[in-house]
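Chemist: Predicted model and sequence below, questions to follow.
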Amino acid sequence: MKFGWASRLVNYILCFQLDIKKKYELWCFIGPEPLRFSLIEFEHLTGLNCEYTENLDNPDVEVTDELARFWELMGVDIDAGPNSQQIIAACQRFGE
């Protein structure tokens, strides 16, 4: 899968995400129909890490050299980690 195509897909899913109460599902509109992804399906489809994090204020994440290079390429602060706005902006940049 090419990065440009994958980034457009992730951008589309995140931009058309529906607000739901279930923690382990992600709903979004694909055309006129709502579509449900489990977090596992979303992780496999996007390659994003969707593992449970106990403490969101201070997540225990191992930043490998590969991850640091990827975040730098995406324009993300390596110390703080990505937020949803940075991910959407990066997907839009690379989708063009």
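Modeler: Alright, I've got the coordinates.

Chemist: I'd like the average pLDDT over stretch 89-96.
Modeler: Average pLDDT, stretch 89-96: 74.

Chemist: buried stuff in that stretch?
Modeler: In terms of neighbour count (16 or more other CB atoms under 10 Å), stretch 89-96 has its buried residues at 89-91, 94-95. Where C-beta positions appear, they are placed from N, C-alpha and C, glycine not excepted.

Chemist: How about residues contacting stretch 56-63?
Modeler: 53, 71, 78, 81 (CB atoms under 8 Å, 6 or more residues apart in numbering).

Chemist: Which one of those residues sits in the busiest neighbourhood?
Modeler: residue 71 (19 neighbours; other CB atoms under 10 Å).

Chemist: I'd like to know which elements the helix or strand encompassing residue 69 is packed against.
Modeler: Assigned by DSSP states H and E, residue 69 belongs to helix 65-74. Contacts defined by 3 or more CB pairs under 8 Å, 6 or more residues apart in numbering; DSSP states H and E place helix 65-74 against helix 84-95.

Chemist: Could you export the helix it packs on as PDB, CA atoms only?
Modeler: C-alpha atoms of helix 84-95 as PDB (Å, rounded to 0.1, in the frame of the first residue of the first chain):
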ATOM      1  CA  SER A  84      -5.000  14.100  16.400                       C
ATOM      2  CA  GLN A  85      -4.700  17.500  14.800                       C
ATOM      3  CA  GLN A  86      -1.000  16.800  13.900                       C
ATOM      4  CA  ILE A  87      -1.900  13.400  12.400                       C
ATOM      5  CA  ILE A  88      -4.800  14.900  10.300                       C
ATOM      6  CA  ALA A  89      -2.500  17.800   9.100                       C
ATOM      7  CA  ALA A  90       0.300  15.300   8.200                       C
ATOM      8  CA  CYS A  91      -2.200  13.100   6.300                       C
ATOM      9  CA  GLN A  92      -3.500  16.100   4.400                       C
ATOM     10  CA  ARG A  93       0.100  17.200   3.600                       C
ATOM     11  CA  PHE A  94       1.200  13.800   2.300                       C
ATOM     12  CA  GLY A  95      -2.100  13.100   0.600                       C
END
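
Chemist: And for that helix, what's in contact with it?
Modeler: 3-4, 7-8, 10-11, 14-15, 74-77, 82.
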